[in-house]
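**Student:** This is a predicted model, with the sequence first.
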Amino acid sequence: MAYSKEQFDQLANPKGQAGADILKHLNRVNANINRVTLETLGEKAGTNVLEVGFGGGALLTEALTRFPHSKFHGVEISYLAVDQAKRLFSDEITADRMSLHHFDGNVLPFLDKAFDTVIAVNVIYFVLNLSAFLQEMSRILNAQGRCILAYAERSPDSISRFESKQIEAALLDVGFKRTKSKSSHDNENGVFHCSVGYMRD
């Protein structure tokens, strides 16, 4: 799907009423890519799972039900998304099954080796420095951890392309020991990939 410059900016950091509309839109267009991402998690997501750029919260909503023994965490650059999610997941936050945080898009606000799994769905198009972003992911993963990146091959800016071989190479460059990718297609994202980086062989 092609987006205007204004829409692309809202996708990167939803704000105001237009941002609220974008968050609803993201829950709809990401439905299939979220499904593939959750399938990639397998039967166990891990004890502590982080979603970077959770948007409208659709993946977290499904993950809470699918993985009842996991604690989920989320970070977003959008203050609007964080505020909406805190209302949506107020019960889970109270029950200590979830924590939600704003972050600056650069440094993830967590200690080293804090997570078993880190997920980012349709986020990498908006990252200014992919290598630094992936290094942050590897920093907060434990020795058995994994990073799952789901992304359309063609960026929403309709210019940039993200091929699975490129993303796998970037994961290996920052210290992940092995990678794998699965490719799919839908009307909303076109060709999309789900690439996994593992901290151990």
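**Tutor:** Great, that's in hand.

**Student:** what about G55, how many residues close to it?
**Tutor:** 27 (other CB atoms under 10 Å). For the C-beta atoms, the positions are set from N, CA and C on the backbone; glycine is no exception.

**Student:** packing partners for the least confident helix or strand in the chain by mean pLDDT?
**Tutor:** Taking mean pLDDT, DSSP states H and E as the measure, the helix or strand of the chain with the lowest value is helix 5-12, at a mean of 92. When contacts are defined as 3 or more CB pairs under 8 Å, 6 or more residues apart in numbering; DSSP states H and E, helix 5-12 sits against helix 16-29.

**Student:** List the buried residues of the least confident helix or strand of the chain.
**Tutor:** Neighbour counts over helix 5-12 (16 or more other CB atoms under 10 Å) mark 7-12 as buried.

**Student:** Put together CSV for the residues you listed, with distance to F89 on each row.
**Tutor:** Below are those laid out as CSV (distance: CB to CB, whole Å):
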residue, distance to F89
Q7, 26
F8, 27
D9, 26
Q10, 22
L11, 22
A12, 23
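
**Student:** Looking at those residues, which is nearest N27?
**Tutor:** Set against N27, the nearest of these by CB to CB is L11 (12.9 Å).

**Student:** Could I get the full set of helices for this protein?
**Tutor:** For the chain, the helices defined by DSSP state H occupy 5-12, 16-29, 31-41, 58-66, 79-88, 90-94, 130-140, 164-173.

**Student:** ok now the least confident helix or strand of the chain, how far from the chain's centre?
**Tutor:** Computed by CA atoms, centre = their mean, to the nearest Å, the chain-centroid distance of helix 5-12 equals 17 Å.

**Student:** Mind listing residues that contact it?
**Tutor:** Contacts with helix 5-12, where a contact means CB atoms under 8 Å, 6 or more residues apart in numbering, come from 3, 18-19, 22, 26, 77, 126, 156-157.
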